[in-house]
Every structure is written in C-alpha cells, then in structure tokens.
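Q: Predicted structure and sequence below. I'll ask about it afterward.
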Amino acid sequence: MGVHYTLREKGIGKWKYDNFTLLLSAGLLLSIGNKIYELLLPLLMYQLSESSIIMTQMRTAELLPNLFFGMFIGVIVDRVNQKKWAMAMVLFQALILFVMYEMFGRDIYKPILYYLLGIMLMTLNYGNFNVQISLVKISLPMNKLTSANAKLSFVETFVGIMGPVLLSMVLILSNMEQGLLIAAFLYAVSYILLMRLKVNEPEKNNLQTSFWADFKAGWREFSQNKALNIMLFLLYKKSNLWQLP
C-alpha cells in the first residue's frame, strides 16, 4: 500500500509560518555577517601590525568563547526573554563591529583592545546561536522542527562553504575594514527582522532547578572533561594571547 503525503505533511507548509521565515532570513544574514568578520579580523590585525603572531592571537580570541561559555550559556538562555536576548545580542554585535571599523580606519594600534572586542563578538554570537534554537522550538509545531533545523543547518553550512567567496568580495573593496561595516549592516537588518517576531514564550518561573544548581552541574561536567581542559591549556600556551609584543 502506497503512502501519500501532502505538501504540508512533508513540512513545506512551514514556509507559511511567518516566524520561521523571519528566523531563517535573520539566520542567513547573521551567518554571512559572522563569516565576514571571522575571516576578516585576523587579516586586518596583520595589516595593522604586520605581525603573524598578532594575527594568530586574534583568531585564538575568536575561538575562546565557544570553549569557556559553552558550559553555562544554556542555563542563561532558559531563564531570559529569548526574543529580547536575541535582539540584544545582535544589536551589540552591530555596535562592536562599527566601533572596530572606526578603530581600524583610524589605525588605532591597541592589540589587547581588539582581542577583548573579538572575544565579546564571538561570545554574543554564541549566545545568539543558542537562543536561535530555542526560538525555533517555540515558533513551530513539534512535527515541523526536524525539517526547520535541517534548513537552518543547511544555511550555516552553505555560508561556511562560501566563506572564501565572501572574503574575496570584501578584499576587492578599497579598504578591507569596510567589510566590518557591511557585516554591521547585515546585523542591523537582522535586528529589524527579529523585532517582527511574534512568539509566546513559556513562563520562566516553573523551572524545576535553580540557576546555581544548573550552573554547578555545567561546571561539574566541564571540570570532569579532561580532554577539553587539556585542549584549553594547550590553546592558551600556544597562543600567548595576553602577551603583548
């Protein structure tokens, strides 16, 4: 006996959900903006300092937040207004990108300041990525989530593959730092899209465990993960992130 599916049952009807369309559009713009500054910042640091060590340290600064904040970022996301959290993360990233654009444009040579701004950028990006998953869950019916997450993963993978192409397009600009301005613009547009989201978030007061209990559980898992701790130690020793030239 054959099984017949309607378009809606296959998940294509998901496109009729305005919230998902907004989230997917914002996710695409954020992925492009993130890939641009992720690839561009180390090159800008090399252009400013003419030091491969400074360039490597900038790249290391971008990677650290995913390792350090992964153990408790979910604890925070579960306890905040997720739409406001996402909007705040995106807005602050746009502002930081604009500040960095001005700094590079004025040839301000303060490596430690660039490192801190890079860490803030990637921390906010990591927080936004986590809340995006939660927003998808409350924006769509359960039977649509698998297909929705597949589409979001495809967008992220596609932008990752197209990273060198995006970087090439930025490099043809008269000034490389203009790429940061483009990324800031993409984040600003994403902020406007997120403003249009209409979601009914569940109550945060009925969580079974406290913030600190969940935080301690995350810290326990982190401290018991020897492989991750060794990786962090080696990354720190190799990068000499806080050692100024």
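A: Here it is on my side, so go on.
Q: Tell me the buried residues in stretch 78-90?
A: Within stretch 78-90, the residues scored as buried using 16 or more other CB atoms under 10 Å are 78, 80, 82-83, 85-90. Every C-beta, even on glycine, is put in place using the N, C-alpha and C of the backbone.
Q: quick one: average pLDDT of it?
A: Mean pLDDT, computed over stretch 78-90, is 85.
Q: Next: stretch 156-169.
A: Stretch 156-169 comes out at a mean pLDDT of 86.
Q: repeat for stretch 128-140
A: 81.
Q: got the contact list for it?
A: Contact with stretch 128-140 is made by 14, 17, 19-20, 23, 27, 30, 73-74, 77-78, 80, 82-83, 85-86, 89-90, 93, 145, 148-149, 152, 197, 199-202, as judged by CB atoms under 8 Å, 6 or more residues apart in numbering.
Q: let's go with 6 Å and repeat that
A: With contacts defined as CB atoms under 6 Å, 6 or more residues apart in numbering, stretch 128-140 is touched by 19-20, 23, 73, 77, 82, 85-86, 89, 148, 199.
Q: Among the residues you listed, name the ones in strands.
A: Judged by DSSP state E, those include no members of strands.
Q: Mind checking which of those residues land in helices?
A: Residues of those located in helices (DSSP state H): 19-20, 23, 73, 77, 82, 85-86, 89, 148.
Q: Just put the residues you listed in CSV and tack on distance to A184.
A: Converted to CSV, the ones in helices among the contacts of stretch 128-140 look like this (distance: CB to CB, whole Å):
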residue, distance to A184
N19, 25
F20, 25
L23, 20
I73, 23
V77, 24
Q82, 23
W85, 20
A86, 17
M89, 14
A148, 28
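Q: Looking at the residues you listed, which is nearest K216?
A: Taking CB to CB as the measure, K216 lies nearest I73 of the ones in helices among the contacts of stretch 128-140, at 15.1 Å.
Q: what stretches of the chain score poorly on pLDDT?
A: 1-17, 62, 66-72, 74, 201-215, 217-219, 221-225, 228-229, 231-245 (pLDDT under 70).
Q: center of it - which residue?
A: Closest residue to the average C-alpha location of the chain: N125 at 2.6 Å, with CA atoms, centre = their mean.
Q: ok, now which ones touch it?
A: By CB under 6 Å, 6+ apart, N125 lies in contact with N34.
Q: Pull up the gap between S51 and F104, please.
A: 15 Å (CB to CB, to the nearest Å).
Q: Comparing those two, which shows the higher neighbour count?
A: Shown here are S51 and F104; by other CB atoms under 10 Å, F104 has more neighbours (23 against 13).
Q: what's the helix or strand containing the more buried one packed up against?
A: For F104, the host element (DSSP states H and E) is helix 82-105. Helix 82-105 is packed against helix 111-139, helix 178-195, with contacts defined by 3 or more CB pairs under 6 Å, 6 or more residues apart in numbering; DSSP states H and E.
Q: tell me the angle of that helix relative to helix 178-195?
A: 160 degrees (axes from the mean of the first three to the mean of the last three CA atoms, to 10 degrees).
Q: quick thing: my sequence starts at 22, can you match it?
A: With the count now opening at 22, the last piece we talked about shows up as helix 103-126.
Q: Pull the residues that contact helix 103-126.
A: Identification of contacts with helix 103-126 by CB under 6 Å, 6+ apart yields 65, 138, 141-142, 145, 148-149, 152, 155-156, 198, 201-202, 204-205, 208-209, 211-212, 215, 218, 220, 222.
Q: Quick one: buried ones out of the residues you listed?
A: Buried by 16+ other CB under 10 Å: 65, 138, 142, 145, 148-149, 152, 155-156, 198, 201-202, 204-205, 208-209, 211-212, 215, 218, out of the contacts of helix 103-126.
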